[in-house]
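**Student:** Following is a predicted model, sequence given first.
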Amino acid sequence: MADIHSTFQYSTPAHRSGSSLDGMWLFLATEVLFFGALFLAWTVSRHYHAAGFAEAARHTEISLGTINTVLLVTSSLAYAAGLAFIEQGDTRRLLQCLSLTGLLGIAFVCLKLLEWHDDFYEHLFPGSGFALHGPDPGGAQIFFSFYFVGTGLHILHMLAGLGLLAWVILRAWRGAFSSRSHLAVEAVGLYWSFVDVVWLVLYPLIYVVGRPG
Amino acid sequence: MSHALDATAGEIEAATVRDNRDNYLTDEWTVWSWLATTDHKRIALLYFASITFFFFLGGAAAALMRFNLLTPTGAIVSPETYNRLFTLHGVVMVWFFLVPAVPVTIGNFVTPLMIGARDLAFPKVNLLSWYLFITGGAITLWALFMGGLDTGWTLYTPLSSAYAKGYVVPVAVGIFISGFSSIATGLNFIVTIHRLRAPGMTWYRMPVFLWSLYSTSVIYVLATPVLAMTLLLLAFETVFRVGVFDPALGGDPILFQHLFWFYSHPAVYIMILPGLGVVSEIIPVFARKRLFGYKFVVWCSVMIAVISFFVWGHHMFVAGTSIYSAIVFSLLSFMVAVPSAIKVFNWIGTLHKGFIHFDAPMIYALGFVGLFTMGGLTGLFLATLAADVPLHDTYFVVAHFHYIMVGGMVSAFFGGLHYWWPKITGRMYPEMWGRVAAAMIFFGFNLTFFPQFILGYLGMPRRYHSYPPEFQVLNVLSSAGSTILAVAYLMPLFYFAWSLLAGARAPANPWGATGLEWQTPSPPPVQNFTSTPVVTEDPYSYPSPEAIQMEQAETGEARPNG
Amino acid sequence: MMQTLRPLLLVWLALLALLGVELGGAFLRLGHLFGGLLLLPAGAMVALVGLFFMRLRHASGLSRGFALAAMFWLVVLLGLGSMDPMTRTLHPVAMTTYP
């Protein structure tokens, strides 16, 4: 009953997969606005607190951030390659690519946790005991509020992505995908690359734009 | 139900009605078959039950507030309790009744039927949205009853983050979760309307209701995420005491209002667009006439949805925003009145020379047109910068948006409920009771809220527990109206329940309406249609008034309700 | 197979190059105003990932419409949303203490 219900409104499998990918894109559009609100708050607060933001940005670890960007961009490449392989029906290569994607993703999360650890150690978490006492300590605190909210939400999205990735790998392992039928690979790939895109915007906002100010 | 045109068709249908035992209601009987259903019709009923509960809960809070305002010093509750009451009323009515109201119930039920599909594009997502909704609702209710909240539904900072007595974070979490239910619903509708239309169902052959739902869904998916982030930042600020919004810590409290109203102003249109759609369905049926200016009506829905995103700044004219931004937002706010007014003219054009039948749905719809016009026109006063300064945060504002949301949307919801009730349940409701309730709602509503326009004009601020004695007469009038309104809202609960048990069996098309949903039996089978329908004509293709006159001249029948 | 992988690799190299531009820019003294220019390479990277890795070039018209709508509404949010704070007259009060 339930299984019939989830597919019977479509006329063909292509109709179903096309609709699902459209749905995924629309979901990602909602995510754009979700992070967009954070970016607006960042823009406005930076306008008010140029000095605080500049000082705080100079206390971020740009080396870790840059390595993480490379990891994430590469993981997206690996996923895109995996998708290209399964379109040729090559499940073995798909599994290799997705495993690489997952390893890079896990490495990203580990580095991020390390960075957080350093930040806490240096008392950069906003609140009482905040370490920076420059000309605009309030602004620096707001910067680090964004830093923790932004990276925290991004990590949550990464964890969700890793979960979805594990599910796709498991299904690929069981041979569920073929050159004709691989909707889940494509849909999860969209999500994975989108999480990458979020990071590509967070990276300059956190590490780059404030530093020269 | 003796519409001249459909008497014979109705008799034929009545014969087949008795065989209609195999429908979505009788398909399976277990509780689990309801809680785990992916059938859009059953999910619509789950939503019906949930939002009815929230409607009467929010209504009870409003009734207590009106009771309290009978005397200038406050009749029954303390100021603190009064703050909690209007917060409960606002939070429950906005997020747990008005925002979901029509789309998740009527919209869920009729969208696939109207486009000739078997279900929505993502049935499991649809079920998930209901679970998110009740989870969010439960958390919010728990917080509102255990600790209460005294910030008003707008949760403005720093009141909410630094000074509020109550459970700000749990309420924010509840609203956050229910927001994802909105997103899921909107996403489902948009993809469904794009992808699952039956053969021949072109965009311009779609009923106006679907265009309204589509426009509403655009707001659902693009505005709600901003609210989600805003609530997250608010919770972060409240828990960790950092100052994104708190001016004492270097933050900008107006930034919260910008983010909040980027969602909540479009959400105001979430709360009226589906109502505009319902009324556009009802009026042609009961005027027996093609909808006047179909393309104008549908594109006005889209325009309202788009412009609704450009006007939010008018909530902050007196909050200390930049004068340049205030001018821009004022101009943009006037723009949204244009498509709204066009719609009103289209309804009037449809009624012109129509054969108007005053059945209960039509009475609700006509009431809607009047109240919506009234609410819309008073909105222009508030969009005017200079006029907004004295009127801001007075009862004028309260009356204005209640004319749109209660007079407009709730009337449309009840109208739509009466109109599609036979399709949903397979039973007819008692027509006379329906008409009486509709008339009472119109009367009670005006008595409740019209005095509030005067109160606001005279300067009575909203959200106050007490008031100067010279305002008492108008307040008593308003409270008296609210008792009539309360009785009128309770009536459908009883006669609908009665009709479920003892109402006459409904034929497939009791109103003689066009539209695919009336071509399948009442209640519809699980798969909606026995075979995929093919659409060959425009919506609302009712015969011209001249043709009806000729037919009546031939048969010698008189119109029953004209 | 190499023919499908080659463009992906080229995109990846372009992404790394743009990242290098950002990294270099971080150590130039561009000032508060021009620091914002460093978002341009990020925008290009987002476009590359969207068009190639997420295959927006070959996506359905509807999907592309959703992506465009997201961008449009993001611009509305950022544009109209920052209009007021950027043009507001501020009347500063003495900031006393931070906790």
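**Tutor:** That came in fine, so what should we check first?

**Student:** So the residue of the stretch 401-550 of chain B found nearest chain A: helix, strand or coil?
**Tutor:** At 7.3 Å from chain A, B:Q527 is the closest residue in the stretch 401-550 of chain B, using Cβ to the nearest Cβ. In short, each C-beta sits where N, CA and C put it, glycine included. The three-state label given to B:Q527 by DSSP: H, G, I helix; E, B strand; the rest coil is coil.

**Student:** ok, now which ones touch whichever residue of the stretch 1-150 of chain B sits closest to chain C?
**Tutor:** Using Cβ to the nearest Cβ, B:A121 is the residue of the stretch 1-150 of chain B that sits closest to chain C, at 11.5 Å. Applying Cβ atoms under 8 Å, 6 or more residues apart in numbering or on different chains, we find B:A121 in contact with A:9, A:19, A:23, B:188, B:191-192, B:195-196.

**Student:** Okay, helices next: where are they in chain C?
**Tutor:** C:2-26, C:31-35, C:39-48, C:61-87 (DSSP state H).

**Student:** would a markdown table of those helices with mean neighbour count be doable?
**Tutor:** Formatted as a markdown table, the helices of chain C follow (neighbours: other Cβ atoms under 10 Å in any protein chain shown):
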| stretch | mean neighbour count |
| --- | --- |
| helix C:2-26 | 16 |
| helix C:31-35 | 15 |
| helix C:39-48 | 18 |
| helix C:61-87 | 18 |
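
**Student:** among the ones you listed, which is nearest B:S482?
**Tutor:** Among the helices of chain C, helix C:61-87 comes nearest to B:S482, with 37.2 Å by Cβ to Cβ.

**Student:** Count residues in the vicinity of A:L72, would you?
**Tutor:** Look at A:L72: counted by other Cβ atoms under 10 Å in any protein chain shown, it has 28 neighbours.

**Student:** for it, helix, strand, or coil?
**Tutor:** helix.

**Student:** Which helix or which strand is home to B:G152?
**Tutor:** Under the criterion DSSP states H and E, no helix or strand holds B:G152.

**Student:** Next, work out how far apart it and A:S11 are.
**Tutor:** 49 Å (Cβ to Cβ, to the nearest Å).

**Student:** Pick out whichever of the two has more residues nearby.
**Tutor:** Taking B:G152 and A:S11 together and counting by other Cβ under 10 Å, B:G152 has the greater number of neighbours (18 against 11).

**Student:** buried residues in stretch A:95-105?
**Tutor:** Going by neighbour count (16 or more other Cβ atoms under 10 Å in any protein chain shown), the buried part of stretch A:95-105 is A:95, A:97-98, A:100-102, A:104-105.

**Student:** cool, stretch B:357-376 as well?
**Tutor:** Buried, per 16+ other Cβ under 10 Å, within stretch B:357-376: B:357, B:359-376.

**Student:** In terms of secondary structure, what does the helix or strand hosting B:V473 contact?
**Tutor:** Using DSSP H and E, B:V473 falls within helix B:472-502. Under the contact criterion of 3 or more Cβ pairs under 8 Å, 6 or more residues apart in numbering or on different chains; DSSP states H and E, helix B:472-502 touches helix B:40-68, helix B:411-425, helix B:431-458.

**Student:** what's the neighbour count on the residue lying closest to the residue of the stretch 401-550 of chain B closest to chain A once chain neighbours are set aside?
**Tutor:** Closest residue to B:Q527 apart from its sequence neighbours, by Cβ to Cβ, 6 or more residues apart in numbering or on different chains: B:R118 at 5.3 Å. Per other Cβ under 10 Å, the neighbour tally for B:R118 reads 22.

**Student:** Can you tell me the SS state at B:R118?
**Tutor:** coil.

**Student:** contacting residues around it?
**Tutor:** B:R118 neighbours (Cβ under 8 Å, 6+ apart): A:8-9, B:112, B:527-529.

**Student:** Do you know the pLDDT at A:S11?
**Tutor:** pLDDT for A:S11: 83.

**Student:** is chain C contacted by the lengthiest helix in chain B?
**Tutor:** Across chain B, the longest stretch assigned as helix under DSSP H is helix B:208-240. Yes - with Cβ under 8 Å from any Cβ of the partner chain as the criterion, chain C is reached by helix B:208-240 at B:218, B:222, B:226.

**Student:** tell me which parts of the stretch 301-450 of chain B are close to chain C?
**Tutor:** Counting by Cβ under 8 Å from any Cβ, the stretch 301-450 of chain B sits next to chain C at B:309-310, B:312-313, B:316, B:320-326, B:328.

**Student:** could I get the helices of chain C as JSON lines with mean pLDDT and distance to B:T52?
**Tutor:** Shown next, in JSON lines, are these (pLDDT from 0 to 100; distance: least, Cβ to Cβ, whole Å):
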{"stretch": "helix C:2-26", "mean pLDDT": "92", "distance to B:T52": "53"}
{"stretch": "helix C:31-35", "mean pLDDT": "69", "distance to B:T52": "54"}
{"stretch": "helix C:39-48", "mean pLDDT": "94", "distance to B:T52": "45"}
{"stretch": "helix C:61-87", "mean pLDDT": "94", "distance to B:T52": "33"}
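
**Student:** where's A:D118 relative to A:F125, distance?
**Tutor:** Distance from A:D118 to A:F125, by Cβ to Cβ: 11 Å.

**Student:** Between those two, which has more neighbouring residues?
**Tutor:** Higher neighbour count among A:D118 and A:F125: A:F125, with 19 against 13, using other Cβ under 10 Å.

**Student:** Surely the more buried one and A:F148 touch.
**Tutor:** Yes - under the criterion of Cβ atoms under 8 Å, A:F125 makes contact with A:F148 at 6.7 Å.
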